[in-house]
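Peer 1: need a 3D model of the following:
(chains A and B)
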Amino acid sequence: MLKYSKETLKRFSEPKFAGEMKNPDSVGEEGNMKCGDVMRIYIKVKDDIITDIKFLTYGCVAAIASTDALCETVKGKTLDEAEKLTWKDVVEGLGEVPSIKVHCSVMGIDALKDAIKKYREGIKPVINDEEECCEEMKNIGKIDQ
Amino acid sequence: MRFKLIYMDNGATTKIDENVLKSMMPYFTEKYANPSSSHSFGQDAKDAVDKARGRIAKAIGADEHEIFFTSGGTESNNWALKGLAFAAMNAGKIDASGKKIKSGEHKNHIITTKIEHKSILNVCEWLKENAGFETTYLDVDKDGFVNPEDIKKAITKKTLLVSIIHGNNEVGTIQDIETIGNICKNAGVLFHTDVCQSFTKTLVDVQKQNIDLLTLNAHKVHGPKGIGALFIRKGVEVMDWQQGGNHEKGMRSGTENVHGIVGFGEAVKIAMKDVNKNVKHMILLRDKLIKVIMDNVENVKLNGYYKEGNSDKRLCNNVNFSFLAIEGESLGGYLDQKFVCSSTGSACNARNLEPSYVLKAMELTDEEANGSLRLTLSKFNTEEEIDYVAKTIPKIVEKLRHISPIGKVVNYFKKK
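Peer 2: All right, here's what the predicted structure looks like:
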């Protein structure tokens, strides 16, 4: 594993915004399977303000940590404000991100922009709810021995 | 509170055995002489180097004059391939069958596989660019085995060398080097193998297996880093590697890494003494880990050949899973937070952001390669550690699948 900052590892270990959203107003996606990264962002929007945000990722440590940080930054912001966010705004609190991992941390922003674009174009998501979601384990990063 | 580290990355490197370290210590501050010095102090150091050489030679069925110390596996592989290539290019030299070769008509073809270590693959590329050598990279099957018949078919009049890794570092597949060695011998082609991963874990015998050159190192067998060896069969023409004060019979100049060599020798002595016990122990742990994970996790695949109890076709210390729908670096990251050291073939973990070429050569999908996790054991691992890891992995896999978009479908429609 690459050398990650303490802040990144803390985010990675206990992401607050990871998980599926059942009734989102929009969903955006970015990435592909080959490079090992797929990012999906769910948003709830009221009066042009992002009132809730969640993400799912098939991605690495940097993808999980930076997208979780992005979600925290974005929650409560207007769509216009969220759209203007840059990669630098997101990773600010994460310490240094290894250079080859920059693209992993940009994916969250691209997925968010995709979600905002779809929202504005009136493209609505429908979540396939057939599968029961497994139990969330928020404490995986803690020692349970 | 920091928990005890569980080290399951022994394919990367191993812990130095305490007794190996003990054997090395006098050579730093007490017996620090140069083996080339003529005084008796220097001769003590030379004796220590020779003793280690003898032990290593014995372990692989070689003569001590056929063992040349290097800085490790990468150097040995470089030397083996380039050393043979340049010897072949030298007009007037004789080839393996004793024939004189004219300038420009030398053998310039190498046969290897798609699952070799980078220190073979990149040397083949280097030889292509700098010396006009051609290389055939043979396919492997889904378990990672090369078909010896394919080697036979690939050999031409121009073939100088076949180089095949013995135990694969990623998936633990052990090639049938005895059959391959025989094919090479019958075809008059030289055979090189890299046994860094397999040495002391399964049989390595340069006579029985008809090996002409063989790469070894110390740090995979509980010895120190920075020391390795190349076995060169007597009579095989290899270019001298480093020029200088004519150390290593003029083949590789440079003052000997005496403490490293002593440690290497001691590591081999200890390993060979307990080889059966250690292999049995690692098989037990490997099989338990595989069974518990395969029984308790859905959508998981074991990569490489596997049969319970077997250590002739799969390294006794190698476990390699693919967990679908999750990414390996994250899995390793959570294991790291539980103080478990592992590795992955995921693209996300690689400098070039490509999934492992070994797993791709075995025709794993991108998803399978990116979700791969390698756990490599040693004699120091315990059953307790296996139980802990086998209990922890399913929890992490569940967490990562919970946050994975794969299998969670979103349909879109345009609002009217």
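Peer 1: return the helix or strand in chain A with minimum mean pLDDT.
Peer 2: helix A:87-91 (a mean of 84; mean pLDDT, DSSP states H and E).
Peer 1: can you pull out the helices in the chain?
Peer 2: Because you didn't say which chain, this covers chain A. Ranges of helices in chain A, per DSSP state H, are A:6-13, A:61-74, A:79-83, A:87-91, A:102-120.
Peer 1: ah, no, chain B please
Peer 2: Along chain B, counting by DSSP H, helices occupy B:18-24, B:26-29, B:40-59, B:73-89, B:118-131, B:148-154, B:177-187, B:258-273, B:275-296, B:328-337, B:357-361, B:366-370, B:383-402.
Peer 1: with mean pLDDT added, can I get those in JSON lines?
Peer 2: Formatted as JSON lines, the helices of chain B follow (pLDDT from 0 to 100):
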{"stretch": "helix B:18-24", "mean pLDDT": "98"}
{"stretch": "helix B:26-29", "mean pLDDT": "97"}
{"stretch": "helix B:40-59", "mean pLDDT": "97"}
{"stretch": "helix B:73-89", "mean pLDDT": "97"}
{"stretch": "helix B:118-131", "mean pLDDT": "97"}
{"stretch": "helix B:148-154", "mean pLDDT": "98"}
{"stretch": "helix B:177-187", "mean pLDDT": "98"}
{"stretch": "helix B:258-273", "mean pLDDT": "98"}
{"stretch": "helix B:275-296", "mean pLDDT": "98"}
{"stretch": "helix B:328-337", "mean pLDDT": "94"}
{"stretch": "helix B:357-361", "mean pLDDT": "96"}
{"stretch": "helix B:366-370", "mean pLDDT": "92"}
{"stretch": "helix B:383-402", "mean pLDDT": "97"}
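Peer 1: closest one to A:L56 among the ones you listed?
Peer 2: Among the helices of chain B, helix B:383-402 comes nearest to A:L56, with 8.8 Å by Cβ to Cβ. Every C-beta, even on glycine, is put in place using the N, C-alpha and C of the backbone.
Peer 1: give me the nearest residue to the spatially most central residue of chain A, chain neighbours excluded.
Peer 2: Centroid-nearest residue in chain A, with Cα atoms, centre = their mean: A:T67, separated by 3.5 Å. Spatially, and ignoring its direct neighbours in sequence, A:T67 is nearest to A:G108 (3.5 Å; Cβ to Cβ, 6 or more residues apart in numbering or on different chains).
Peer 1: also B:K301?
Peer 2: B:S322 is the one closest to B:K301 (Cβ to Cβ, 6+ apart), at 4.5 Å.
Peer 1: that neighbour and B:L364 touch, don't they?
Peer 2: Yes: between B:S322 and B:L364 a contact is recorded at 6.5 Å, counting by Cβ atoms under 8 Å.
Peer 1: distance of the residue nearest to B:K301 relative to chain A?
Peer 2: 12 Å (Cβ to the nearest Cβ, to the nearest Å).
Peer 1: show me the contacts for that residue.
Peer 2: With contact set as Cβ atoms under 8 Å, 6 or more residues apart in numbering or on different chains, B:S322 has these partners: B:V300, B:K301, B:N303, B:L359, B:L364, B:E368, B:A369, B:G371, B:S372, B:L373.
Peer 1: residues in contact with the closest residue to the third one other than its chain neighbours?
Peer 2: The spatial neighbour of B:N303 that comes closest, neighbours along the chain excluded (Cβ to Cβ, 6+ apart), is B:N320 at 4.2 Å. Residues in contact with B:N320, defined by Cβ under 8 Å, 6+ apart, are B:E170, B:V171, B:G172, B:L302, B:N303, B:G304, B:G345, B:S372, B:L373, B:R374, B:L375.
Peer 1: hmm, try it at 10 Å
Peer 2: Residues in contact with B:N320 (Cβ atoms under 10 Å, 6 or more residues apart in numbering or on different chains) are B:11, B:144, B:168, B:170-173, B:290, B:301-304, B:306, B:314, B:343-345, B:356, B:358-359, B:372-376.
Peer 1: among those residues, which are in strands?
Peer 2: Applying DSSP state E to these, the entries found in strands are B:K301, B:L302, B:S372, B:L373, B:R374, B:L375, B:T376.
Peer 1: who's the closest residue to the fourth one other than its chain neighbours bridged to?
Peer 2: It refers to B:L373. Nearest residue to B:L373 in three dimensions, chain neighbours excluded: B:F321, at 5.1 Å (Cβ to Cβ, 6+ apart). Beta-bridge partners for B:F321, by DSSP bridges, are B:L302, B:L373.
Peer 1: quick one, what contacts B:F321?
Peer 2: Per Cβ under 10 Å, 6+ apart, neighbours of B:F321: B:289-290, B:293-294, B:297, B:300-303, B:328, B:331, B:344, B:368, B:371-375, B:393, B:397.
Peer 1: is it true that B:Y412 touches A:K124?
Peer 2: Yes: the pair B:Y412 / A:K124 is scored as a contact, 6.8 Å apart, by Cβ atoms under 10 Å.
Peer 1: shared neighbours of these two, anything?
Peer 2: A:S26, A:V27, A:K118.
Peer 1: mind listing what the closest residue to B:V279 other than its chain neighbours touches?
Peer 2: Closest residue to B:V279 apart from its sequence neighbours, by Cβ to Cβ, 6+ apart: B:C316 at 4.9 Å. If a contact means Cβ under 10 Å, 6+ apart, then B:C316 has B:167, B:172, B:174, B:198, B:201-202, B:278-287, B:309-310, B:377 as its contacts.
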